[in-house]
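Chemist: Coordinates for the following, if possible.
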Amino acid sequence: MLGIGVDIGGTKVRAGVVSQDGRVLERIQKPTPSSSPVAVEDVIVDCVADLRRRWTVAAVGVGAAGWVDTEQATVRFSPHLAWRNEPLRDRLVGRIDLPVIVDNDANAAAWAEYRFGAGRGSGVMVCITLGTGIGGALVIDGRVFRGQFGMAGEWGHMQVVPDGHWCACGNRGCWEQYASGNALVRDANALVSSGSPLAEALRAATRDYPLTGPDVTAVALQGDQTAAELIGDVGTWLGRGIANLAAALDPELFVVGGGVSEAGGLLLRPAIASFERSLTGRGYRPVARLALAHFRNDAGLIGAADLARHSISEPPGFLFWPRRRTPRGQRLRKFRDAFLAE
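Modeler: From the prediction side, this is the model:
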């Protein structure tokens, strides 16, 4: 049984056909039209229609960069896109004519890594996705922890610098303002525009100013010390935030994915060093492992497709913690009816 996964980020929409064992059989990518919910919906529908011309699929999963309710239906808010209480699932079902689920993109990525990638066999796994912002998710004993209202895992909006940089969420000093693709690009472009001779390799990397995250990563991987230092700064902030998450959640594994993770060891080495320096009770406690995501940029679409497949074969709430609860009124009526029947 094949599924289609759609991963909607702040800059790109990636879609693919995914097998039951997590292999991507075909993938396509388009820019994210961030100004209009209808335009994003159109891109999703176009991607699904394109893939269905060549593949027979059973369900569609959408990983959205935003806060999704517990019914996997409505995007309550997205800091980087125009969704505000958007009933995305219902709009898509009417146009796609297949079972559709909508979930947070980091939940989808975490599920892919837990099922098929770097997190296989872990009891408590924290996933951190570094892209335009920072997404996150928590998998406990084989279930995604979504919180009471579906909005758990928004690590990127922990405030780490009082009165720091403004964030798209409306607060200041959020973690993603220091440890994300946007932070990397902001600092790289500031250095280039300053005229510093240290930025010559970055300045030469593209004719289309401003620089992008992949531009900076490519220059760093070619050996430029300045670009590597910029990525190292992101890694240092990443490690500090991970230490805070370890203090709160005590996982055995942190999986780091998203576009910025393409920097590999240039990002992970300073993150590990910073994490170990900042960890509460260091020297007297086990230290969680940090690993790069196995699927990198494919994780979101793989996880979304797998969640969609499970949604048509498992009872509601099977994959999530806490399990969806029966409304209190229904529980009371069920108890009353059972009592009167005796």
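Chemist: Report the contact partners of residue 227.
Modeler: 188, 201, 202, 216, 217, 219, 220 (C-beta atoms under 8 Å, 6 or more residues apart in numbering). For glycine as for every other residue, the C-beta is placed from the backbone atoms N, C-alpha and C.
Chemist: ranking the residues you listed by neighbours, who comes first?
Modeler: Neighbour counts for these, by other C-beta atoms under 10 Å, peak at residue 216, which reaches 30 neighbours.
Chemist: Would you map the strands across this protein?
Modeler: Counting by DSSP state E, the chain has strands at residues 3-8, 12-18, 24-31, 59-64, 67-68, 75-77, 84-86, 100-104, 124-130, 134-140, 143-145, 253-257, 289-292, 320-321.
Chemist: just for this structure, where's the confidence low?
Modeler: Regions of the chain meeting the criterion pLDDT under 70 cover residues 315-342.
Chemist: repeat that with 50
Modeler: Scanning the chain with the threshold set as pLDDT under 50 gives 326-328, 331-332, 335-336, 339, 342.
Chemist: what's the longest helix in it?
Modeler: As assigned by DSSP state H, the longest helix anywhere in the chain is helix 225-249.
Chemist: Just the buried positions in it, please.
Modeler: Of the residues in helix 225-249, 226-228, 230-246, 249 count as buried by neighbour count, 16 or more other C-beta atoms under 10 Å.
Chemist: returning to what we had before: kindly present the strands of the chain as CSV, with separate columns for mean neighbour count.
Modeler: Listed next are the strands of the chain as CSV, based on neighbours: other C-beta atoms under 10 Å:
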stretch, mean neighbour count
strand 3-8, 30
strand 12-18, 23
strand 24-31, 14
strand 59-64, 30
strand 67-68, 26
strand 75-77, 19
strand 84-86, 15
strand 100-104, 28
strand 124-130, 28
strand 134-140, 25
strand 143-145, 20
strand 253-257, 26
strand 289-292, 18
strand 320-321, 18
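Chemist: Nearest to residue 169 among these would be which one?
Modeler: Residue 169 lies closest, by C-beta to C-beta, to one member of these: strand 75-77, at 8.2 Å.
Chemist: Show me what the closest one is packed up against.
Modeler: strand 67-68, strand 84-86 (3 or more C-beta pairs under 8 Å, 6 or more residues apart in numbering; DSSP states H and E).
Chemist: Residue 39: which of those is closest?
Modeler: Each of those was scored for nearness to residue 39 using C-beta to C-beta, and the closest is strand 84-86 (12.2 Å).
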